[in-house]
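Colleague: Any chance you can model this:
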Amino acid sequence: MNGLYRLALLSVLGVCMAQAVELPKFLRGENNRQLQNLLPSPVAIATLVTGLTDLTELGHSLETLVHAKRYPSSEYVQAPVIMFYDTNSANLGQGQTSAFAAAISDQQRELILVPVSFGNQEDFPAGFILNPSKDYTYEQSQRFLISQMWKHEALNGYETIMRISDDSCLSIDSPTLPNVVSALDVSGEILFQCPAVPYAYEIARKYSLGLYDFALNYISNTIVTSGNAVLNPAMFAQVTKVFAEYRTVPVLNNHFEVVKMSFITRPDVAAWLDHMTESAPYNVHLNTWGSNEERFITVALFATPSEISLVPVPGLMEKDFIAGRTNKSLCRATTATN
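Modeller: The predicted structure is shown next:
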């Protein structure tokens, strides 16, 4: 699928490309020969905007994508930014989308806006009964990140998705991102890359109520009965150990991950993710499960040790909005362009 065809397909699907005041000629299509001679990027960078998103900080995060150096090359178009946004939130206006496009225009990236809806009855799992006094923005965002995003048409044709948020930024050049890192000591392909977050037990407990027992039931009722096995038993043993000691589960970074689509959309993985979000008793909504708690268990169940990387990502910085720390010295355009 070439770059122009992909843009046409996205427009048919109701996906629009954001316009900045001044986009480079490459993005305006004025250099068609250059565009046509380049292959579409096999990688896209995805982010989700809801009413809970700090739009200013997300703009700064987008600016630091200049450090994602794996693409472009002489062969590929630069990886686009696919921005899913909740149409039920009123915080994203035309001025802001133009600012986002401007934030990445010097990187020759497309900004592709993809509307999603989180607030209407039909946007929830079938059979779920809404509490009219509750705001489900967080729960719906986690449902989207856990299972729904990966089936969205906007991601069709991409091999790898790097996901960022307003909470994350890149502070130094990376020769591998936005693609996954190469396996250094093992043969085979890395399917999932995300740093583990050690000792986050007190925070994780609030977002993992019932998740461990849910996973055990799935193992016995679905995985084992189908003749399969947990692919990373040592990693799931860590889940069991943490639950026994702290009554919660280990977590991964909730604001950054690099995922091979061949893994996350694999039928056994997709069935597990849908079971978490779409099946009664709708634990993602009732127990406020988070995607970082889910991801640790998911890779333990369905990926071998040689297929995952949970080590720190060089240059990846996390912001702490609660403490007011946004790492201005590292997560700003002046740093990214030096």
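Colleague: got the contact list for the residue nearest to Glu110 when sequence neighbours are not counted?
Modeller: Excluding the flanking residues, the one nearest Glu110 by Cβ to Cβ, 6 or more residues apart in numbering is Pro80, at 3.9 Å. C-betas here are computed from N, CA, C, even on glycine. If you count contacts by Cβ atoms under 8 Å, 6 or more residues apart in numbering, Pro80 has them with Ser41, Ala44, Ile45, Arg109, Glu110, Leu111, Ile112.
Colleague: hmm, try it at 7 Å
Modeller: Ser41, Ala44, Arg109, Glu110, Ile112 (Cβ atoms under 7 Å, 6 or more residues apart in numbering).
Colleague: Ok, Lys69 next?
Modeller: Asp173, Ser174, Pro175.
Colleague: wait, which of these is closest to Val258?
Modeller: Nearest to Val258 out of the contacts of Lys69 is Ser174 (Cβ to Cβ; 10.5 Å).
Colleague: how near is that closest one to Val269?
Modeller: 26 Å (Cβ to Cβ, to the nearest Å).
Colleague: and these two? which has more neighbours close in?
Modeller: The neighbour count for Ser174 versus Val269, taken as other Cβ atoms under 10 Å, is higher for Val269 (21 against 18).
Colleague: what ranges do the strands span in the stretch 51-200 of the chain?
Modeller: Per DSSP state E, counting those that start in this stretch, the stretch 51-200 of the chain carries strands over the ranges 81-86, 111-116, 160-163, 168-170, 192-193, 196-197.
Colleague: ranges for the helices of the stretch 151-300 of the chain?
Modeller: 201-206, 211-218, 233-246, 261-264, 267-278, 283-286, 291-302 (DSSP state H, counting those that start in this stretch).
Colleague: just to revisit the earlier point, pull out the buried residues from the contacts of Pro80.
Modeller: The neighbour count (16 or more other Cβ atoms under 10 Å) marks Ser41, Ala44, Arg109, Glu110, Ile112 as buried among the contacts of Pro80.
Colleague: The second one should be in a strand, yeah?
Modeller: Right, the one you point to is Ala44. Yes: the assignment for Ala44 is a strand, going by DSSP: H, G, I helix; E, B strand; the rest coil.
Colleague: give the contact list for it.
Modeller: For Ala44, counting by Cβ under 7 Å, 6+ apart, the contacting residues are Ala79, Pro80, Ile82, Leu155, Tyr158, Ile161.
Colleague: what's across from it in the sheet?
Modeller: Ile161 (DSSP bridges).
Colleague: For it, give its distance to Pro267.
Modeller: For Ala44, the distance to Pro267 - Cβ to Cβ - is 22 Å.
Colleague: The last one now?
Modeller: Ile112 sits 27 Å away from Pro267, going by Cβ to Cβ.
Colleague: repeat for Pro175
Modeller: 33 Å.
Colleague: before we move on, what about Glu159?
Modeller: Computed as Cβ to Cβ, the Glu159 to Pro267 distance reads 18 Å.
Colleague: okay, those two: which has more neighbours?
Modeller: Glu159 (13 against 7).
Colleague: Tell me, please, where in the chain the pLDDT is lower than the cut-off.
Modeller: Within the chain, the segments meeting pLDDT under 70 span 1-36, 71-74, 90-91, 181-188, 321-325, 333-338.
Colleague: got a list of what the residue nearest the centre of it touches?
Modeller: In the chain, the residue lying closest to the centroid (Cα atoms, centre = their mean) is Arg163, at 3.4 Å. Contact partners of Arg163, counting by Cβ under 7 Å, 6+ apart, are Ala46, Thr47, Phe256, Glu257.
Colleague: Pro195 now?
Modeller: Contacts for Pro195 (Cβ under 7 Å, 6+ apart) come out as Leu252, Asn253, Leu310, Val311, Pro312, Val313, Leu316.
Colleague: Among the residues you listed, which ones are in strands?
Modeller: Leu252, Leu316 (DSSP state E).
Colleague: could you measure His275 against Phe302, distance?
Modeller: For His275, the distance to Phe302 - Cβ to Cβ - is 13 Å.
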